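Q: Model the following, please.
(chains A and B)
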Amino acid sequence: MSLKRIMFVLVIAFSIVIVNSCKSDNSQEKHKDNLVGFQTTENLNDIDIRDEQEIYYRFPSAREMFLYINDEDFTYRTDLVNLPNNVDNYLDSKSKTLNLGVYLADLSYMTLFGKTGNLKKYMNAIAVLSEDLRLEIPYEKDIFIRINKNINNNDSIINIADEYYSKVIDYLMKNNKEKTLAVISIGGYIEGLYIAINLTDEFSKNSPVIQRIAEQKLSFENLKMFTYKFRNDRNASQSIIYLNKIMSVFNEFKIEKQATKIKQYKTNSFVIEGGNSIIVTKEQYMKLKNVVTEIRMQIIENY
Amino acid sequence: MNFLHKLLLLFLLSLFAFQTNGQVCSNYHIDNCGWADKSFFYSRQSRSALFSHGITSKFVIIVYANEEYFVSIAGHKKLGDIKIRVYEDDNKKTELYDNSKYNYEKYFYFQNKNTRKLVIEVTSEKKANIKNPNEKYCLGVLIEFRHMKSANKNNSSKDIGF
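A: Residues are numbered from 1 along each chain as shown, chains lettered A, B, ... in the order given. From the prediction side, this is the model:
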């Protein structure tokens, strides 16, 4: 047999081995029903299959959480965000991941209020932490080039910062880095809740913003259920401790039960009315504020 | 191109095919689902997944008070009709919507008056006499939302003119 033929056979054989190893994995997957559907991730090795939940939990992003805060109703406070210089203090992967979430929430807060002065510093902090965590955000360099070109154009900078936020979150989701996403989201949720609570001066039972803050109980529950899948991971399990402390306060809130009603308008249009309401007292709200402030300090001060 | 180059190319192509095959359909809902108008914001609660024939999978989302939601579904044509059922995540599991009652509509809107958890349950069609029943295909659910204020602002234009 000539050298060419030997090479040809070797290459084909090697290719077949690789493709078959893939097929073999797939065929294993086919025998496990829990490997199709929304609950699956590529990080299945990180999940204890026996305890795999049947239901997959989703939660709004920190930015979606922020959208109810209208810049017409609130005054922007510069003292509520984590200083970008603190990025050098985060040396371990847990503090890097949690504070990446904190800075992403800060970025959303600033863009929502149209504050562009420090956006680049915050984007730099996000870039440093994501690089340290080996997250390869697509077109990151291009985004920073565009920021430099549009440094005097507020609207463009806000759009670019928004785009950057989306790229980071989308990267984590598309690349099945949901374990990292869970810890980043915990940092972002705690920062988002801290900012929202501190933007409201006084407790008012009828304030729609305070009502929305109380309703974050449900989002925190889903985030906890989502993160619980990764509880064998050290960063995730330590972050769950923060969530549990906040959840213990949320769980004190009273639930007022009402029947849910549906008003159907067209075959594909309806209104959902009624359902359970969350009731929060001033004492409970202040307790939530204190616990969130304390945990947020622990995260940004890294102790 | 000599023989060795051809071999190398063949090898790289087979690796590429392997990699492409290995990718999940995480972006499927963005590329394939119908979108509402631009007054809606994309929700990161949207989700795509692999489905085989006749399976049911569900996920829980949060819908906030005084928001309007748009939910749209798309799946590979080989999955057939896709059933989407929405029910409240409580003990009663109150059913809110089932597209199989409406000829498997691909999208729906709803306004929500109270913050709540909803279960989105998706079922692919069970087909008899198919070659490979375990073959998996992409399916996605797109979720968008807007504040009711902006919804009303948008609808107010419908009240004027012809």
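
Q: ok, what's across the strand from the most centrally placed residue in chain B?
A: Central residue check for chain B by C-alpha atoms, centre = their mean: the C-alpha nearest the mean position is that of B:Val141, 1.3 Å away. For B:Val141, the beta-bridge assignment (DSSP bridges) gives partners B:Arg47, B:Ile73.

Q: could you pull out the helices for chain A?
A: Across chain A, reading from the start of the chain, the helices by DSSP state H fall at A:3-30, A:62-66, A:93-112, A:119-132, A:140-149, A:154-174, A:178-199, A:208-228, A:234-250, A:282-301.

Q: Show me what the second one packs onto, helices and strands only.
A: Counting contacts by 3 or more C-beta pairs under 8 Å, 6 or more residues apart in numbering or on different chains; DSSP states H and E, helix A:62-66 is packed against helix A:93-112, helix A:178-199. (Each C-beta comes from the backbone N, C-alpha and C, glycine too.)

Q: Tell me which of those sits nearest to chain B.
A: Nearest to chain B among the helices and strands packed on helix A:62-66 is helix A:178-199 (9.6 Å), distances taken as C-beta to the nearest C-beta.

Q: Is that closest one positioned near chain B?
A: No - Helix A:178-199 stays clear of chain B (C-beta under 8 Å from any C-beta of the partner chain), getting no nearer than 9.6 Å.

Q: Next, the angle from that helix to helix A:282-301.
A: Angle of helix A:178-199 versus helix A:282-301, following axes from the mean of the first three to the mean of the last three C-alpha atoms, to 10 degrees, is 130 degrees.

Q: Any idea how far helix A:178-199 is from the middle of the chain?
A: Using C-alpha atoms, centre = their mean, to the nearest Å, we find the averaged C-alpha position of helix A:178-199 to lie 7 Å away from the chain's own average C-alpha position.

Q: Format the CA atom coordinates belonging to that helix as CSV.
A: Output in CSV follows, covering the C-alpha atoms of helix A:178-199 (Å, rounded to 0.1, in the frame of the first residue of the first chain):
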residue,chain,number,x,y,z
GLU,A,178,-25.5,28.7,32.7
LYS,A,179,-23.6,27.9,35.9
THR,A,180,-21.6,31.2,35.5
LEU,A,181,-24.8,32.9,34.4
ALA,A,182,-26.5,31.8,37.7
VAL,A,183,-23.8,33.3,39.9
ILE,A,184,-23.5,36.5,37.8
SER,A,185,-27.3,36.8,38.0
ILE,A,186,-27.2,36.5,41.8
GLY,A,187,-24.7,39.4,41.9
GLY,A,188,-26.9,41.4,39.5
TYR,A,189,-30.2,40.7,41.3
ILE,A,190,-28.7,41.7,44.7
GLU,A,191,-27.3,44.9,43.2
GLY,A,192,-30.6,45.7,41.4
LEU,A,193,-32.6,45.2,44.5
TYR,A,194,-30.1,47.3,46.5
ILE,A,195,-30.4,50.2,44.0
ALA,A,196,-34.2,50.0,43.8
ILE,A,197,-34.7,49.9,47.6
ASN,A,198,-32.4,52.8,48.1
LEU,A,199,-33.9,54.9,45.3
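
Q: can you state the direction angle for that helix and helix A:154-174?
A: Using the same axes, to 10 degrees, helix A:178-199 lies at 140 degrees relative to helix A:154-174.

Q: Would you mark the buried spots in stretch A:92-110?
A: Neighbour-count burial for stretch A:92-110, with 16 or more other C-beta atoms under 10 Å in any protein chain shown as criterion, is recorded at A:94-110.

Q: meant to ask about stretch A:182-202, not that
A: A:182-197, A:199-200.

Q: Equivalent analysis for stretch B:88-102, please.
A: Those buried within stretch B:88-102 under the rule 16+ other C-beta under 10 Å are B:88-89, B:94, B:96-97, B:99.

Q: so what's the residue in chain B that chain A sits nearest to bridging to?
A: With C-beta to the nearest C-beta as the measure, the residue in chain B that lies nearest chain A is B:Ser57; the distance is 2.8 Å. With beta bridges defined as DSSP bridges, B:Ser57 has these partners: B:Val122.

Q: what about it, neighbour count?
A: When counting by other C-beta atoms under 10 Å in any protein chain shown, one arrives at 24 neighbours for B:Ser57.
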